[in-house]
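A.B. asks: Build me a model:
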Amino acid sequence: MNKIKIIRFSFLILSTLIFTQCNKLEEKVYSSNTEDVFFQSPNDVKTALAGMYRSMQACCGGYGQAGTMILNATSDEGNGAGAWGDFHRLTFTSSSTGEIGDWWSQSYKAIAGANLIIDNQKKIEATDISAGKTVAKAAVGEAKFWRAVNYFQLVQMFGGVPLRVTQAKRADDVNIARSTVAEVYVQIIKDFKDAEQSLPTTTPAGVVSKWAASAYLAKVYLTQKDFTNASAKATEVINSNAYSLSPTFKDVFAIDKKNGSESIFAIQFVRVDGQGSRLDALSGWGITQVDPNLYPKFSPADDRRNSTFQKPLDPTSNQGKWIDPATVSGDGAGYNYIVYRYADLVLVKAEAENELNGANAAAYKEINKIRNRALLPNLTPGLTKDQFRDSVLHERNLELALEQIRWYDLKRTGRLKSAMEAIGAKWNDKYYLFPIPRTEIDASNGKLTQNPGF
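C.D. replies: All right, here's what the predicted structure looks like:
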């Protein structure tokens, strides 16, 4: 999102407006009077959109650190040093998981930023002089998109979560109970559908479009095993030609090719100290590592291997996807973090098609796009549905390695337990979900309940 590059003053302005919504009674509810003086100009709307993303650009609680430590390390792809190894060993608890608490808090701050925009739709429309109020419509659509993204991640990780779709205005609005998984998914789908209707089909580089919402719907439906709608939505996006595979795998992550044709949704970073990413620094510091079982999964002919691992002869030491040779500090790398890319969607289509109709030509067509880009031959023809299902999951493992996706894939396909046991982790069924952070439970005035086993 070129328009939402990290701008410190935007975040500082919005910090007086956005209530964190983390179910902590000691948090101060913002004044509605403060809000009255905001959204008086188009620039205010741009500032709100910029601030909406800021929490997940934060060094520790967003995709740069917490997501990597939690989602990579609790799968069979990543590991961690010291206390962070608890994630990989599956020995973490609700009280010893700072990153989980950070992720929860920053996710709800992101939702609060989206709710601020959605609740002020009429004021935003009043600043819009475009025909049909298309600018205001797009702003609200972008906010609904971002709210849905965050709830989609939260519901997969924690199960039913507090579902807040308006701002907390009073002290007794602060603490709310968990909604059911089904209720959260209803809201997610509604928000993405609304975003589809509100966002333009063509946007500047880095700004989400209608097709980003459609792509997310495909993945939501896949997660719910609604393969008919998953295939249909993925097909819509593919046929739109809004995205395409980058010519080479390395191009996807090249810092001089940000917001390329494969980027559906990316968290934007700039090469400025404190405003950039820290993914390569995490691995350089030894905090995050690559599980040694990942490297052998790649064949020598696979073009993705050298880009996935920075040091092939010592593959556990450094990931190779997010590298900025000119980074100015540990928190100053300029690459984006691509949350959802076109290759992922193509494999969603292949998987959904196989589940619906078996390993037919349409399913093979999609998976072979990914394999051929990696300089691999077409997948073995004539596979059964079960064999093709295994092949898609394997291809996703290689294509999307270390991109905070594997845990979701293993969980939704029922293979999380077997994958973690295969690398020596001591499994307990409670790890199908993450614990609600103890700090949130304690501050909720009895409204929040803990996940079983924690």
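
A.B. asks: Tell me where the stretch 151-300 of the chain has strands.
C.D. replies: 263-267, 288-290 (DSSP state E, counting those that start in this stretch).

A.B. asks: where are the low-confidence patches of the stretch 201-350 of the chain?
C.D. replies: Residues of the stretch 201-350 of the chain that meet the criterion pLDDT under 70 lie in 312-317.

A.B. asks: and residue 118, how many neighbours does it have?
C.D. replies: By other Cβ atoms under 10 Å, 20 other residues sit near residue 118. Just so you know, the C-beta spots here come from the backbone N, C-alpha and C atoms, and that holds for glycine as well.

A.B. asks: before we move on, what about residue 362?
C.D. replies: 16.

A.B. asks: related to what we said a few turns ago, any idea which of the strands of the stretch 151-300 of the chain is most buried?
C.D. replies: Neighbour counts (mean count of other Cβ atoms under 10 Å) averaged over each of the strands of the stretch 151-300 of the chain peak at strand 288-290, with a mean of 24.

A.B. asks: Need the contact partners of that one.
C.D. replies: By Cβ atoms under 8 Å, 6 or more residues apart in numbering, the residues outside strand 288-290 that reach it are 68-69, 72-73, 77-81, 84, 282-283, 309, 315-319, 402.

A.B. asks: Pairing partners for that strand, with directions?
C.D. replies: strand 78-80 (antiparallel) (DSSP bridges).

A.B. asks: Pull out the buried residues from the strand it pairs with.
C.D. replies: The neighbour-count check on strand 78-80 (16 or more other Cβ atoms under 10 Å) flags 78, 79, 80 as buried.

A.B. asks: tell me which of these is nearest to residue 193?
C.D. replies: residue 78 (33.6 Å; Cβ to Cβ).

A.B. asks: Which residues are in contact with the closest one?
C.D. replies: 68, 69, 72, 88, 288, 289, 290, 291, 402.

A.B. asks: So what pairs up with it in the strands?
C.D. replies: With DSSP bridges applied, residue 78 shows beta-bridge pairing to residue 290.

A.B. asks: Relative to residue 392, how far out is it?
C.D. replies: Distance, residue 78 to residue 392, by Cβ to Cβ, to the nearest Å: 21 Å.

A.B. asks: picking up where we left off before, now the buried residues of strand 78-80 as TSV including distance to residue 371 and pLDDT?
C.D. replies: Below are the buried residues of strand 78-80 laid out as TSV (distance: Cβ to Cβ, whole Å; pLDDT from 0 to 100):
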residue	distance to residue 371	pLDDT
78	24	88
79	27	84
80	31	78
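
A.B. asks: At which residues are the helices of the stretch 101-250 of the chain located?
C.D. replies: With DSSP state H, counting those that start in this stretch as the criterion, the stretch 101-250 of the chain has helices at 121-126, 134-158, 181-198, 210-223, 227-240, 249-253.

A.B. asks: closest to residue 49 out of these?
C.D. replies: Closest among the helices of the stretch 101-250 of the chain, using Cβ to Cβ: helix 134-158, at 6.3 Å.

A.B. asks: Give the other helices and strands that the closest one contacts.
C.D. replies: With contacts taken as 3 or more Cβ pairs under 8 Å, 6 or more residues apart in numbering; DSSP states H and E, helix 134-158 sits against helix 42-57, helix 98-119, helix 121-126, helix 181-198, helix 210-223, helix 406-412.

A.B. asks: List the contacts of the residue located most distally from the centre of the chain.
C.D. replies: Residue distances from the centre of the chain (Cα atoms, centre = their mean) peak at residue 382, which lies 34.3 Å from the mean C-alpha position. Counting by Cβ under 8 Å, 6+ apart, residue 382 makes contact with residue 359.

A.B. asks: Just want the most central residue of the chain.
C.D. replies: Centre-nearest of the chain using Cα atoms, centre = their mean is residue 339, 4.6 Å out.

A.B. asks: Could you tell me how far the spatially closest residue to it that is not a sequence neighbour is located from residue 213?
C.D. replies: Nearest residue to residue 339, sequence neighbours excluded (Cβ to Cβ, 6 or more residues apart in numbering): residue 265, at 4.9 Å. Per Cβ to Cβ, residue 265 is found 9 Å from residue 213.

A.B. asks: Also residue 204?
C.D. replies: 17 Å.

A.B. asks: The two: which is more packed in?
C.D. replies: Comparing residue 204 with residue 213 by neighbour count (other Cβ under 10 Å), the higher total belongs to residue 213, at 28 against 10.

A.B. asks: so how far is residue 143 from the residue nearest to the more buried one when sequence neighbours are not counted?
C.D. replies: Sequence neighbours aside, residue 195 is the residue nearest to residue 213 in space, at 3.9 Å (criterion: Cβ to Cβ, 6+ apart). As judged by Cβ to Cβ, residue 195 and residue 143 stand 9 Å apart.

A.B. asks: Make TSV out of the helices of the stretch 101-250 of the chain and add distance to residue 422.
C.D. replies: Output for these, formatted as TSV (distance: least, Cβ to Cβ, whole Å):
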stretch	distance to residue 422
helix 121-126	49
helix 134-158	22
helix 181-198	27
helix 210-223	23
helix 227-240	27
helix 249-253	26
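
A.B. asks: Provide the secondary structure category for residue 376.
C.D. replies: At residue 376 the chain is in coil, as set by DSSP: H, G, I helix; E, B strand; the rest coil.

A.B. asks: ok, how many other residues are close to it?
C.D. replies: So residue 376, with other Cβ under 10 Å, has 17 neighbours.

A.B. asks: cool, residue 301 as well?
C.D. replies: If we define neighbours as other Cβ under 10 Å, then residue 301 has 10 of them.

A.B. asks: Touching, it and residue 376? I think so.
C.D. replies: Yes - contact criterion Cβ atoms under 8 Å: residue 301 and residue 376 qualify, at 6.3 Å.

A.B. asks: Just give the nearest non-adjacent residue to residue 125, would you?
C.D. replies: Nearest residue to residue 125, sequence neighbours excluded (Cβ to Cβ, 6+ apart): residue 136, at 4.3 Å.

A.B. asks: count of residues packed around that neighbour?
C.D. replies: Counted with other Cβ under 10 Å, residue 136 comes out at 25.

A.B. asks: picking that back up, closest one of the buried residues of strand 78-80 to residue 364?
C.D. replies: Of the buried residues of strand 78-80, the one sitting nearest to residue 364 (Cβ to Cβ) turns out to be residue 78, at 30.6 Å.

A.B. asks: And the closest one, how far from residue 320?
C.D. replies: On the measure of Cβ to Cβ, residue 78 and residue 320 end up 14 Å apart.

A.B. asks: what does residue 247 give?
C.D. replies: 18 Å.
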